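**Student:** Got a predicted model here, sequence first, then my questions.
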Amino acid sequence: MTMSRAIIAGVLVLAPWRAAVGQADSVPPPGVTEQPMTFTSGTLQLAGTLTLPDGVERPPIAVIVAGSGPTDRNGNQGAQLRTNTYAQLAWGLAEQGVASLRYDKRVLPATRGQVNLPALSFDDFVADLAAAVLAVREDYAKVFVLGHSEGGSLAIRAASRGTPMDGVILVSTPGRNMVTLLHEQLSRQLDAATLTQFDTALARFLRGEDPGELLPALRPLVAPVNRRFMQGWASLDPTEELALVRVPVLIVQGDMDIQIRPADAEALKAAKPDAQLLIVPGASHTLKAVSDTLMGTQLPTYTDPTLPLVPGIVDSVAAFVKGVVGGN
């Protein structure tokens, strides 16, 4: 699928579009082969899916890193989150000659080995990403990391600390510290007094203290089992660390995303001026089409896994990959 495009001051803007009739397939399209793959990270064995374009020898490969929570390799979390976004990205890339590996996080049932949840750190997940990259590096022409949401944060840290990769694709990725981001997200849902209460509770939580009184709905955000992970994530300054990255970067951001704002993408671009910035009109956080930023309008993009990706996203990611491959 093709779209008109324009590049303005290094920002690639997809032209407005109309959604195609029908829905995306829920199985890989013809010409795409999938097979299970496992790899080792420390004492754990992680499970994933390798997606290959038929008839292409040593294609470039993208390691797809999932967003926050127990999101699986396809972009789903049981019944509460059903997007199939990562599967659809993998299939679309394979149709354009780009292989991919998408994998389940170490907290999901497919993992083999013992996982101590309270001891889990942000850098444990960075190590898993590095292990995935190393597992595929010898067999493919070039290796890229495609991180979505929190997965983009993991990609930034992995790249800044020297994980060997040839390019980074940051999709719907925070451009601000986690504490600032949570404050903004909750400011759209809470009254001023409750927001202040949460800010205080989070600060105490990150210092290792009891967070104190908090609405029951907000307690999961400061659950003791997640303290070490949240402390590590809070230590990430995405712009500072992205400035250290020396490989090509593509930043992809939907302008209707209600979780991560275009301002985040612009902050990342400012930190890495030679990065390409792709603004996608009408795209939600899950890269599905929406007409506004109302939750009622956006809910189906989080719960209907058959909705297709916004046209042009896969084209642009594949073009970035091929541009890096062809330029080196």
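**Tutor:** Good, I have the coordinates. In this text the structure is predicted, and so the values were computed from the model without any measurement.

**Student:** What segments of this protein are strands?
**Tutor:** 5-8, 11-14, 32-41, 44-53, 61-65, 76-77, 81-82, 99-103, 143-148, 167-171, 249-254, 276-280 (DSSP state E).

**Student:** Reformat those as JSON lines; add distance to residue 242 and mean pLDDT.
**Tutor:** Backbone N, C-alpha and C define where each C-beta goes, glycine included. What follows is the strands of the chain, written out as JSON lines (distance: least, C-beta to C-beta, whole Å; pLDDT from 0 to 100):
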{"stretch": "strand 5-8", "distance to residue 242": "21", "mean pLDDT": "29"}
{"stretch": "strand 11-14", "distance to residue 242": "16", "mean pLDDT": "36"}
{"stretch": "strand 32-41", "distance to residue 242": "23", "mean pLDDT": "96"}
{"stretch": "strand 44-53", "distance to residue 242": "25", "mean pLDDT": "97"}
{"stretch": "strand 61-65", "distance to residue 242": "15", "mean pLDDT": "98"}
{"stretch": "strand 76-77", "distance to residue 242": "27", "mean pLDDT": "92"}
{"stretch": "strand 81-82", "distance to residue 242": "27", "mean pLDDT": "90"}
{"stretch": "strand 99-103", "distance to residue 242": "22", "mean pLDDT": "98"}
{"stretch": "strand 143-148", "distance to residue 242": "11", "mean pLDDT": "98"}
{"stretch": "strand 167-171", "distance to residue 242": "8", "mean pLDDT": "98"}
{"stretch": "strand 249-254", "distance to residue 242": "7", "mean pLDDT": "98"}
{"stretch": "strand 276-280", "distance to residue 242": "12", "mean pLDDT": "96"}
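
**Student:** who wins for proximity to residue 223 among those strands?
**Tutor:** Residue 223 lies closest, by C-beta to C-beta, to one member of these: strand 76-77, at 16.3 Å.

**Student:** Go ahead and name everything in contact with the closest one.
**Tutor:** Strand 76-77 is contacted by residues 69, 70, 71, 82, 83, 84, 305 when judged by C-beta atoms under 8 Å, 6 or more residues apart in numbering.

**Student:** burial count for residue 138?
**Tutor:** 7 (other C-beta atoms under 10 Å).

**Student:** roughly how far apart are it and residue 58?
**Tutor:** 10 Å (C-beta to C-beta, to the nearest Å).

**Student:** same check, this time on residue 92
**Tutor:** Taking C-beta to C-beta, one finds residue 92 at 20 Å from residue 58.

**Student:** Who has more neighbours out of the two?
**Tutor:** The neighbour comparison of residue 92 against residue 58 (other C-beta under 10 Å) goes to residue 92, with 24 against 10.

**Student:** my read: residue 111 touches residue 44, true?
**Tutor:** Yes. Between residue 111 and residue 44 there is a contact under C-beta atoms under 8 Å: 5.7 Å.

**Student:** picking up where we left off before, just give me the closest of the contacts of strand 76-77 to residue 154.
**Tutor:** residue 71 (12.1 Å).

**Student:** Once you drop chain neighbours, what's closest to that closest one?
**Tutor:** Among residues not flanking residue 71 along the chain, residue 77 sits closest, at 5.3 Å (C-beta to C-beta, 6 or more residues apart in numbering).

**Student:** about what we covered before: which of the contacts of strand 76-77 sits closest to residue 147?
**Tutor:** residue 71 (11.9 Å).
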